[in-house]
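Colleague: from the sequence below, what's the structure:
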Amino acid sequence: MSAWRGRERALRADGVDVELITAACWHAGGVPVELDADPDERVRPARTWGSHPALFLYDPRPIWRALAEPWDVVDVHEEPFALSTAEVLLLRMLRRNRSPIVLYTAQNLRKSYPPPFRWLERWALRTAAGVSACNAEAARIAQDKGFPGRARVIPLGVDVEPAVGGEADAVPAEGPVTVGFLGRLVPEKGVSVLLDALRLQPRLRARIAGAGPLAAELPALAAARGVAERVELAGPLAPEQVSEFYRSIDVLAVPSVPTRSWTEQFGRVAVEAMALGVPVVASDAGALPDVVGGAGLIVPAGDSRALARVLLDAAGPQRAELIDAGLERARACSWPAVAAAYRDLYDSVLPVGSPTPPNGPTPVGSPTPPNGPTPVGSPSLSQGPNGDGHSVEVVVVAYGAIGMLRRALAPVAGMPVTVVDNSSLPEIAALCQELGIRYIDPGSNLGFGAAVNVALSDRLLPDADVLLLNPDAEIDRDGITALQRALRADPRLASVGPAQADPDGHTAQVEWPFPAPHRAVLEAVGLGGLAGGPRFVIGSVLLLRAEALAQVGGFDERFFLYAEETDWAYRAHLLGWRHAAVPEVTAVHAAGGTSSDPRRREAHFYASLERYLRKHHGAVGWAVARWANWAGASVRALALRGEERVRARRRAAIHRLGPVRVEARFRARP
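Modeller: Here you go, the predicted model:
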């Protein structure tokens, strides 16, 4: 549909070279639509087999030919579980095309699909370099199901035409109100709720457009409610008839009713109506409250009495206000705005080390892509945004231990620093005020990852690299500057950390291989040193690259303590980033300095390890690792003596009982 190719037109207007492969013929609202494209649009038609959005396939030949070309990004605008997505990924693999893949999702119900769709979905999410979602819940689900990065919420686009806002007169107090309904005529779209509203309020008239199973029943349904003379059935509309339909109504109703297997994923009709100056009343089903925002009126799903009352309000005293708010909301969903969001997404997934984004500069205000090393001798990178390089923002998660915290903060005072205080202590608030440091009290002990996310959600320097600094660790500004120079010297690095020593000078290992079931087995038999592969750097003093944060996102808040940085680093690894220690820089770290209970620390540590292995290696992978850890600890408990035997017994017991269960017992205690 030409009206739905506004994203591609806007991207081309921004200097992006876009070629589209789309169905030669498809159905839209029950109406078959033939592809009609101008030659300069560069749209390749493809035959399709099947009509279900998740079960159809494309003719592979145009895709095969296209994948022979060196694209910077391949955007598959299909669900991760769809057969057509798997088809494109398979063709890309056979073509040995290494262009990063961007996927789309709208699925905002947490469904577990049967094989092979469950496997195809995970393969697609693990393969993707980026994901766009048309609603926030779909983005969260994609991340929970295996996408390693940050799924971007990008609305569906609409044409925003000039419309008069604020000057539109309200419908006369006693006059009829024409309510529009446009969509599939199925029970879950709430057309019966609208008919019930008409029965309750005689001023309401309805124009109903669309096709579906209820189309033949609607006259009888309206007659049974005594509203047949106030219902006009417009039938299915061709794309060019939609604008005329919106202009013929006073208010649009989107009265959807969610079911166990369906809910609204976006509600494009609401934004289309707003763009043409039509007030919108929607139910609270699925994504509708987020999509409508404060620009429309929301009623409880299935509540016909509330719908009748609010429809009159939207057409009457609130009409002008809703029109103005709706136009503003529609502009945020305009094709240029949507294209800019996709451009930013595409920039973020460019191959690591790409010299520049394709076809022009990065939009003003977007993060700088990893374009190469920072010159040695550049201004101090930890001093703020005044130099030519990237600045550094420091985040500290505090929990008591005020003396240690003071020693950690003193060297970085004067830099952009945020302390998130999980212990909510007035003494820590006073310390931050004394040092001129931003203090945030989240109100409870959120754990490390969630507390870091609090700071990341409200950045002091949005485009800066971020130094995570434990309150029991110390590093000076020169060390931070050296860390950042090392980070910026290799455009593939997502994080770097210094060497570490305790206050007595004893060094600690800071680089580790990612946990995996086979490594647990090797460690159980004493061959852990043979475990190779990619590595990560521990998070007590860790500098995160701004571009990596933009692509990977924040920490997984399911990790309460420990392994948050391991999970973040592994997700970055899946997206093509690396991690490294900088041995030339040394930080002081009094490990475990903020905790006096080794049993609680061990419970948190192994519980986080269980979550990590379950997340990235599945239930079977965790079962293998759990058995190996239990067996190895049990053997050591027999062979060792003294405190080492006690620790081995404790580790064996934790794995026998289940680390997450053991952690839950500790978290239930004060």
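Colleague: quick check: which ranges of the protein have low pLDDT?
Modeller: The model of the chain has pLDDT under 70 over residues 29-30, 161-172, 351-389, 592-596, 670.
Colleague: find the centremost residue of it, please.
Modeller: With distances taken as Cα atoms, centre = their mean, the residue of the chain nearest its centroid is Ala151 (3.0 Å).
Colleague: Ala339 versus that one, what's the distance?
Modeller: Taking Cβ to Cβ, to the nearest Å as the measure, Ala151 falls 18 Å from Ala339. The C-beta positions use only the backbone N, C-alpha and C, and glycine is treated the same way.
Colleague: and the closest residue to Ala86 other than its chain neighbours, what does it touch?
Modeller: Leaving aside its sequence neighbours, Ala86 sits nearest to Leu120 (Cβ to Cβ, 6 or more residues apart in numbering; 4.5 Å). Residues counted as contacts of Leu120 (Cβ atoms under 8 Å, 6 or more residues apart in numbering) are Pro80, Phe81, Ala82, Leu83, Thr85, Ala86.
Colleague: for Val537, state which of the residues you listed is nearest.
Modeller: In terms of Cβ to Cβ, no member of those lies closer to Val537 than Pro80, at 30.5 Å.
Colleague: which non-adjacent residue is nearest the closest one?
Modeller: Excluding the flanking residues, the one nearest Pro80 by Cβ to Cβ, 6+ apart is Ala124, at 4.0 Å.
Colleague: so that neighbour is in contact with Val102, correct?
Modeller: No. In this structure Ala124 lies outside contact range of Val102 using Cβ atoms under 8 Å: 11.0 Å.
Colleague: looking at these two, which has the bigger crowd around it?
Modeller: Remark: of Ala124 and Val102, Ala124 carries more neighbours, 27 against 21, as counted by other Cβ atoms under 10 Å.
Colleague: what helix or strand is the more buried one on?
Modeller: Counting by DSSP states H and E, the element that carries Ala124 is helix 117-127.
Colleague: is it true that Gly277 touches Asp324?
Modeller: No. Applying Cβ under 8 Å, one finds Gly277 not in contact with Asp324, separated by 9.1 Å.
Colleague: tell me which of these two has more neighbours.
Modeller: Gly277 (23 against 18).
Colleague: helix or strand for that one, which one?
Modeller: Gly277 belongs to no helix or strand, assigned by DSSP H and E.
Colleague: please apply the same query to Val582.
Modeller: If you go by DSSP H and E, Val582 is part of strand 578-589.
Colleague: in its sheet, what does that strand sit against?
Modeller: Strand 578-589 pairs in its sheet with strand 473-474 (antiparallel), strand 493-501 (parallel), by DSSP bridges.
Colleague: pull out the buried residues from it.
Modeller: With burial defined by 16 or more other Cβ atoms under 10 Å, the residues of strand 578-589 counted as buried are Arg578, His579, Ala580, Ala581, Val582, Val585, Thr586, Ala587, Val588, His589.
Colleague: quick one: the helices in the stretch 101-250 of the chain?
Modeller: Along the stretch 101-250 of the chain, counting by DSSP state H, counting those that start in this stretch, helices occupy 117-127, 136-144, 191-200, 218-224, 242-247.
Colleague: could you pull out the buried residues of the second one?
Modeller: In this case it means helix 136-144. Residues Glu137, Ala138, Ala139, Ile141, Ala142, Gln143 are the ones in helix 136-144 that count as buried (16+ other Cβ under 10 Å).
Colleague: surely the residue nearest to the centre of the chain meets Lys145?
Modeller: No. Using Cβ under 8 Å, Ala151 is not in contact with Lys145, being 10.3 Å away.
Colleague: excluding its backbone neighbours, what's nearest Ala23?
Modeller: Excluding its sequence neighbours, the residue lying closest to Ala23 (Cβ to Cβ, 6+ apart) is Thr48, at 4.9 Å.
Colleague: quick check: bridge partners of the one you found?
Modeller: Assigned bridge partners for Thr48, using DSSP bridges, are Tyr58.
Colleague: ok, the residue nearest to Ala86 to Arg110 distance?
Modeller: To Arg110, Leu120 is 17 Å away according to Cβ to Cβ.
Colleague: same check, this time on Val537
Modeller: As judged by Cβ to Cβ, Val537 and Arg110 stand 33 Å apart.
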